[in-house]
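Visitor: sequence-free structure coming up:
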Ligand code: HEC
Ligand code: HEC
Ligand code: HEC
Ligand code: HEC
Ligand code: HEC
Ligand code: HEC
Ligand code: HEC
Ligand code: HEC
């Protein structure tokens, strides 16, 4: 009797293993899923892994125009507009934040984009691998980039297709494919900070804060900070700091020589590249402070954020001196004027690495690498990056710039 039960149990177990234990894809019984279980099994498997598979089918997002091998081009590719039909709240929040402005940051750069390979700008191999953002049905119709390249949509950036999981998007790793590296190493800062350690040592306890805790509280899809990427704001009450900032803004071609706004200010406004009123800046800072107060005293947190502000000022002082040194070379005809230089005699920082002289390459590194790391790491509680990858490199670079300037003058 017992023996027969064991044999029967093994048999059931074996059949169940044959059915579910091996890599058999649990396809849904519609034509799309049936065929795709053969054509793209990984996608069907991922989809069935997620929660939406209970209620949606492939058609819910890809439409019904493509039904077989001969009409593949007819398959619709979803945009934010597709998800909006059922997730209005998340889409509304998302569209009001910085992520949805990501395409402007790339397409609006004068004199830079057209010098890069198309696949790099538009085809997900460079800038657009991270900046293909704000993609709605209407932006697909309007965008120049979409003429060359058709894939890429926002929501899968944190909820990867086709699982579209909430749990996955809550993990800090959801941010690390983009917020990394050269000019925005937030992943590295956080990972090697006390916050990162406290979180990673015991994920269950969740003592240290994640990116989402500070930047997407309560699942709010609107991301934005007070300083932002560029670390610029207007107005500025600190007169000394304002002086450095005016130099930087001239070199970005946002202010002319009289200190008046140029038409590049329109790009700044369209892309929300900087907070342009005190209220706006204070609002985002206050919201962040509230996050800290979940775990720290307000005094402790305020002092820490203020010290990060002061590191930005310290970086701006060095950077402004470097810019003025290069501007003097243009003014004295040591470097020939470039055609698209926005505010003469200032070197145009929006050329990034598309410059002709060594001295301007060093200036570009100060701008995008060392200045960024100095203040961004300070905000992410990482003294190592602030010091050795940021501030110390700024100092070294200033010495190099001065030496190069002297040499160029001597050679002329
Ligand atoms: C008879 C088989 C078959 C059926 C039925 C089928 N597809 Fe496909 N589908 C394919 C093949 C083959 C491809 C191309 C795969 C490749 O390029 O390797 C494809 C590609 C796609 C793509 C990608 C298109 C692109 O531009 O990259 C999507 C999305 C898609 N199918 C969705 C669907 C949906 C939704 C349905 C049901 C309405 C469906 N498929 C029905 C075979 C099928
Ligand atoms: C909730 C919406 C949604 C559903 C439902 C959905 N997809 Fe997709 N699918 C997407 C998104 C988003 C993309 C990426 C589009 C882009 O990059 O422009 C995509 C891309 C694709 C692609 C092309 C990209 C690749 O990785 O090859 C294929 C093929 C595809 N889906 C097949 C399917 C199949 C088969 C099903 C059903 C099992 C399905 N999709 C269900 C949202 C969905
Ligand atoms: C036709 C309606 C519909 C569309 C279109 C749709 N969703 Fe959903 N989505 C749902 C429903 C219903 C659920 C809840 C499933 C459940 O919890 O049972 C859901 C759940 C989710 C979740 C939470 C999953 C989890 O792990 O709890 C995410 C994330 C999500 N959808 C993202 C998307 C994205 C991204 C798109 C567009 C590419 C999209 N959805 C399009 C109906 C839709
Ligand atoms: C690895 C992903 C990635 C690549 C590749 C990338 N960026 Fe970015 N970019 C980002 C992230 C993330 C931010 C936001 C960082 C922050 O706020 O600190 C950003 C910010 C920006 C901003 C500032 C936007 C603002 O509102 O302040 C500009 C301009 C920009 N990138 C241009 C470019 C250009 C041009 C390229 C190609 C040469 C490029 N990016 C390549 C991820 C990337
Ligand atoms: C920057 C990362 C990120 C992007 C991009 C993103 N999400 Fe989310 N999403 C999250 C996080 C984190 C959560 C979990 C929030 C929480 O803790 O409840 C989430 C949760 C969700 C949920 C589940 C809500 C609930 O309460 O169950 C839906 C639905 C959703 N997102 C839809 C979208 C849609 C639609 C888009 C594109 C417009 C999108 N998400 C883009 C990070 C992101
Ligand atoms: C697909 C790449 C990508 C992923 C994944 C991504 N981001 Fe971003 N993020 C960007 C880009 C690009 C920008 C700059 C957008 C712009 O030009 O305005 C940005 C901007 C931001 C900003 C605004 C900074 C400012 O200017 O004030 C915050 C905050 C942010 N991201 C947080 C997150 C968090 C948190 C996650 C993960 C939950 C995440 N991001 C995932 C690419 C990404
Ligand atoms: C303890 C809270 C906290 C955590 C955790 C955190 N950040 Fe931040 N983040 C900040 C603060 C504070 C600022 C600066 C805010 C300001 O301008 O007032 C900031 C700024 C940013 C910016 C704008 C540029 C910069 O670096 O100054 C981006 C982008 C960003 N964070 C992304 C991330 C990502 C991605 C993660 C996770 C890898 C993360 N943050 C983790 C608090 C946090
Ligand atoms: C989810 C809780 C949580 C949040 C939110 C949080 N922290 Fe922390 N913080 C911690 C923990 C835990 C530690 C590790 C304590 C230790 O070093 O002994 C820590 C450490 C620190 C440290 C390291 C120095 C020290 O005293 O050990 C600083 C500085 C700090 N936090 C500042 C901030 C700031 C600023 C914010 C808001 C932008 C913030 N924290 C948000 C939990 C949090």
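Guide: Sure thing, it's come through. In this text, all values refer to a predicted model and were calculated from it rather than measured experimentally. Numbering: from 1, shown residues only. Ligands and ions are numbered 1, 2, ... in the order given.
Visitor: nearest residue to residue 179 in space, please, no chain neighbours.
Guide: residue 186 (4.1 Å; C-beta to C-beta, 6 or more residues apart in numbering). To be clear about C-beta, it is placed using only N, CA and C from the backbone, and glycine gets the same treatment.
Visitor: ditto for residue 246
Guide: residue 259 (5.9 Å).
Visitor: number of residues surrounding that neighbour?
Guide: 10 (other C-beta atoms under 10 Å).
Visitor: go ahead and confirm it touches residue 247.
Guide: No. Taking C-beta atoms under 8 Å as the definition, residue 259 is not a contact partner of residue 247, at 10.3 Å.
Visitor: just the pLDDT at the residue nearest to residue 179, thanks.
Guide: Here the pLDDT value assigned to residue 186 is 98.
Visitor: for residue 12, same thing?
Guide: 54.
Visitor: same check, this time on residue 4
Guide: pLDDT, read off for residue 4, is 62.
Visitor: any part of stretch 287-300 near ligand 5?
Guide: No. Against ligand 5, stretch 287-300 shows no contacts by C-beta under 6 Å from any ligand atom, the least distance being 13.8 Å.
Visitor: for residue 235, helix, strand, or coil?
Guide: coil (DSSP: H, G, I helix; E, B strand; the rest coil).
Visitor: gap between the closest residue to it other than its chain neighbours and residue 261?
Guide: Distances taken as C-beta to C-beta, 6+ apart put residue 278 closest to residue 235, at 6.3 Å, once the chain neighbours are dropped. Distance of residue 278 to residue 261, computed by C-beta to C-beta, to the nearest Å: 17 Å.
Visitor: start to end distance for stretch 57-75?
Guide: Using C-alpha to C-alpha, to the nearest Å, one end of stretch 57-75 lies 14 Å from the other.
Visitor: now residue 255. Its backbone dihedrals?
Guide: Backbone geometry at residue 255, expressed as degrees, to the nearest 10, gives phi -120, psi 150.
Visitor: surely it touches residue 342?
Guide: No. If you go by C-beta under 8 Å, residue 255 and residue 342 don't touch, sitting 9.4 Å apart.
Visitor: shared neighbours, the two?
Guide: residue 262 (C-beta atoms under 8 Å, 6 or more residues apart in numbering).
Visitor: and this protein, which of its residues are near ligand 6?
Guide: Near ligand 6, when you scan the chain using C-beta under 6 Å from any ligand atom, you find 98-99, 101-102, 105, 130-131, 133, 157-158, 174-175, 177-179, 211-212, 215-216, 223-225, 228-229, 271.
Visitor: out of the residues you listed, which end up buried?
Guide: In these, burial by neighbour count holds for 98-99, 101-102, 105, 130-131, 133, 157-158, 174-175, 178-179, 211-212, 215-216, 223-225, 228, 271, counting by 16 or more other C-beta atoms under 10 Å.
Visitor: sitting in strands, which of those residues do you find?
Guide: Within these, no residue falls in strands by DSSP state E.
Visitor: so which helix or strand of this protein has the lowest pLDDT on average?
Guide: helix 2-16 (a mean of 53; mean pLDDT, DSSP states H and E).
Visitor: which intervals of the chain have sub-threshold pLDDT?
Guide: Applying pLDDT under 70 to the chain flags residues 1-29, 145, 147-148.
Visitor: longest helix in it, by number of residues?
Guide: Assignment by DSSP state H gives helix 298-331 as the longest helix of the chain.
Visitor: centre of the chain to the following helix or strand past it, how far?
Guide: The first helix or strand that comes after helix 298-331 along the chain, using DSSP states H and E, is helix 358-365. Per C-alpha atoms, centre = their mean, to the nearest Å, the displacement of helix 358-365 from the mean C-alpha position of its chain is 24 Å.
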